[in-house]
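K.L.:
sequence-free structure coming up:
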């Protein structure tokens, strides 16, 4: 492929981007990645950060993201050691772009315009 | 909301980001926006830039994106004048971030790892 990194020369379709689009189009995937941008987490902490996601769906999505090389499991420092999830280098670099999407959203989105609000205020979710 | 713009202080959940995630999670939405980043286009040109999308789905997605204030229709310069689609300011700013996702994809994605290739080489799609 001869896609230049100069946006002016880009074509309207890029097969690499299509794969990224496919990853982000999976329900909850952008939310799971965003939750992990703020640091490694146990399963329950990720679930708590995503309103309405079921354990089954979160489990499936984490497995997908592991298969994509974006997320990895590891044993946390606590005793007893428990499984945690963190972004890989590939996932971390995507996560930085997702924070830019968050910055865009903070500027442009009015959450009142859309569906139900989260059940608890975001500021209580740690 | 008291979300700082310093990522270090961000929480794992942001309701503004959740709306953005919802927009991007709609099938084909990231592809439609990406096609329009390269400039205003007629319906047929957008369809040609997205392998496998149906006219019905593209029509629905364009309507959604118009409702979100990301895309707008206008009468092109040609004669006879024909309807074209372009990004709004809100859409253009999101589009710039999508180009960063494209840059990420060019660095990290191997399209051979995933589903069927586009039917024609990307470089022929104008």
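P.N.:
Looks like it arrived, so ask away. Please read these numbers as outputs of a predicted model, since none were measured by experiment.

K.L.:
And the strands in chain A?
P.N.:
Applying DSSP state E to chain A gives strands spanning A:71-75, A:83-87.

K.L.:
State the distance from residue A:85 to chain B.
P.N.:
12 Å (Cβ to the nearest Cβ, to the nearest Å). C-betas here are computed from N, CA, C, even on glycine.

K.L.:
and if you look at residue A:78?
P.N.:
On the measure of Cβ to the nearest Cβ, residue A:78 and chain B end up 18 Å apart.

K.L.:
number of nearby residues for that residue?
P.N.:
The local packing of residue A:78 (other Cβ atoms under 10 Å in any protein chain shown) involves 9 other residues.

K.L.:
contacting residues around it?
P.N.:
Residue A:78 makes no contacts at all, as judged by Cβ atoms under 8 Å, 6 or more residues apart in numbering or on different chains.

K.L.:
for the one 5 residues further on, same thing?
P.N.:
Under the criterion of Cβ under 8 Å, 6+ apart, the neighbours of residue A:83 are A:42, A:43, A:73, A:74, A:75, A:76.

K.L.:
which among the residues you listed end up buried?
P.N.:
Neighbour-count burial (16 or more other Cβ atoms under 10 Å in any protein chain shown) applied to the contacts of residue A:83 gives residue A:43.

K.L.:
in chain A, which spans are helices?
P.N.:
Per DSSP state H, chain A carries helices over the ranges A:15-24, A:29-37, A:43-48, A:55-67, A:89-108.

K.L.:
okay, the ones you listed, which one's buried deepest?
P.N.:
Across those, averaging neighbours per residue (mean count of other Cβ atoms under 10 Å in any protein chain shown) puts helix A:29-37 on top, at a mean of 24.

K.L.:
Contacts only, for the spatially most central residue of chain A.
P.N.:
In chain A, the C-alpha nearest the mean C-alpha coordinate belongs to residue A:33, at 1.7 Å (Cα atoms, centre = their mean). If a contact means Cβ under 8 Å, 6+ apart, then residue A:33 has A:65, A:70, A:71, A:87, A:91, A:94, A:95, A:98 as its contacts.

K.L.:
any idea how far residue A:68 is from it?
P.N.:
Here the criterion is Cβ to Cβ, to the nearest Å. By it, residue A:33 lies 10 Å from residue A:68.

K.L.:
quick one: average confidence on stretch A:68-87?
P.N.:
For stretch A:68-87, mean pLDDT is 94.

K.L.:
cool, and stretch A:45-52?
P.N.:
Mean predicted lDDT for stretch A:45-52 stands at 94.

K.L.:
which residues touch that stretch?
P.N.:
Contacts made with stretch A:45-52 from outside it, assessed by Cβ under 8 Å, 6+ apart, are listed as A:28, A:31-32, A:35-36, A:41, A:53, A:55, A:58, A:62, A:85, A:118-119, A:125, B:11-13, B:18.

K.L.:
Residue A:18 is in contact with residue B:31, isn't it?
P.N.:
Yes: in this structure residue A:18 lies within contact range of residue B:31 using Cβ atoms under 8 Å: 6.7 Å.

K.L.:
Find the residue ranges of chain A scoring beneath the pLDDT cut-off.
P.N.:
Chain A contains residues with pLDDT under 70 at A:1-8, A:113-126.

K.L.:
Look up how far residue B:36 lies from residue A:27.
P.N.:
In this view, residue A:27 and residue B:36 are 24 Å apart by Cβ to Cβ.

K.L.:
Could you do residue A:72 as well?
P.N.:
To residue B:36, residue A:72 is 35 Å away according to Cβ to Cβ.

K.L.:
Now do residue A:41: how many residues are near it, please.
P.N.:
There are 19 residues near residue A:41, going by other Cβ under 10 Å.

K.L.:
in terms of contact, does it touch residue A:87 like I think?
P.N.:
No: between residue A:41 and residue A:87 there is no contact under Cβ under 8 Å: 10.3 Å.

K.L.:
Having no further points to raise, I will conclude here.
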